[in-house]
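In: model this:
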Amino acid sequence: MAALIARSSTLNGVLRGSRHSVLLQNQPQFSQLHRAPAFRLMSSETQQPKYEYIVVSRPEPSVVLVTLNRPKALNALSSPLFEELNEALEQADRDDSVGAMVLTGSEKAFAAGADIKEMKDKQFADAYKNKFLEDWGNLSRLRKPLIAAVSGFALGGGCELALMCDIILASPTAKFGQPEINLAVTPGGGGSQRLVHAIGKSRTMEMVLTGRMVSAQEASDWGMVSRVVGEGEAEVVKEAVKMAKGISEKSQIAVQACKEVVNAAHELNLAEGLRFERRIFHGLFATNDQKEGMAAFAEKRKPNFTHS
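Out: Just a heads-up that it's a prediction; the model follows:
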């Protein structure tokens, strides 16, 4: 792993002329260019649509892995990239053979933020009328679980993208932050709202008002990420795929129901949330998978779910 270089002059030289995010300005950066992780894929490229800014693969028959692929821009999130990302994840969400999805970037950057070159000259009327960044919220409507495997920088829009996922696994190199304050704007992709739910008001205020980055361990201690995965190139991706495979072996109906009841906790008060949870729980007794799951438990055998 390359050593961190703190001098802003070095950073400015790296960024000069590239399509880049705020989110790295006045921040430390790695000295080597991105090198794709050595991660063996099971499916051939011909089985997946061709994209310019993402790579879609099947590391397991029931798992779709989406890798952000703008290495020269540290995976800065442009509108064309998000269009591809939404399309790929929505397609996977509709695919009955897929049980869970994984989203990752590179060892150097999960995503360094939104594409500032795309945003810097926008006017209010254009942003407002054309619902700028609104389609980022499409990820929150996916019914199947989405796991973020984060290495390197997850700043601004990159932090927000991770927060949109259902589970975040972090490499020890991961750095999270919302440094939009340095450009005289607020987070625009949900960071200020989702962070409050994840880490509370005070810590969110610190991140949003100071723009400082937090380490993977600090994010884990705060409850922002599920856990920090062991060191090693692509280890966090391998762990995320392993987790996704385990989830995909469960009943898809039960998995989607579990995701729905957990998400409801953000929207409902406790009494309403408990009532909603019970209704979903009761409803699952109408499924074949519930009968199979409980029969298999009683008979001490592995269940054979039909997702029906």
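In: what segments of the stretch 101-250 of the chain are strands?
Out: For the stretch 101-250 of the chain, strands defined by DSSP state E, counting those that start in this stretch occupy the ranges 109-111, 146-150, 153-155, 167-170, 175-177, 214-215, 227-228.
In: report all helices and strands that the fourth one contacts.
Out: Here strand 167-170 touches strand 146-150, helix 216-222, strand 227-228, helix 235-248, going by 3 or more C-beta pairs under 8 Å, 6 or more residues apart in numbering; DSSP states H and E. Bear in mind the C-beta positions are built from the backbone N, C-alpha and C, glycine included.
In: packed most tightly, which of the ones you listed would that be?
Out: Each of the helices and strands packed on strand 167-170 was assessed for mean neighbour count using mean count of other C-beta atoms under 10 Å. The highest is strand 146-150, with a mean of 28.
In: out of the helices and strands packed on strand 167-170, flag the one nearest residue 135.
Out: Evaluated with C-beta to C-beta, the helices and strands packed on strand 167-170 place strand 146-150 nearest to residue 135, the distance being 15.7 Å.
In: which strands border the closest one, and is each parallel or antiparallel?
Out: Note on strand 146-150: by DSSP bridges, its sheet partners are strand 100-104 (parallel), strand 167-170 (parallel).
In: single out the most deeply packed of those strands.
Out: Per-residue neighbour counts averaged over each of those give the maximum for strand 100-104, namely a mean of 28 (mean count of other C-beta under 10 Å).
In: could you find the closest non-adjacent residue to the residue nearest the centre of the chain?
Out: Using C-alpha atoms, centre = their mean, the residue of the chain that lies closest to the mean C-alpha position is residue 162, 3.3 Å off. Leaving aside its sequence neighbours, residue 162 sits nearest to residue 148 (C-beta to C-beta, 6 or more residues apart in numbering; 4.4 Å).
In: so that neighbour bridges to which residues?
Out: Counting by DSSP bridges, the residues bridging with residue 148 are residue 103, residue 168.
In: doesn't residue 103 make contact with it?
Out: Yes. The pair residue 148 and residue 103 qualifies as a contact (C-beta atoms under 8 Å) at a distance of 5.3 Å.
In: anything in contact with each of these two?
Out: By C-beta atoms under 8 Å, 6 or more residues apart in numbering, residue 148 and residue 103 have these common neighbours: 161, 165.
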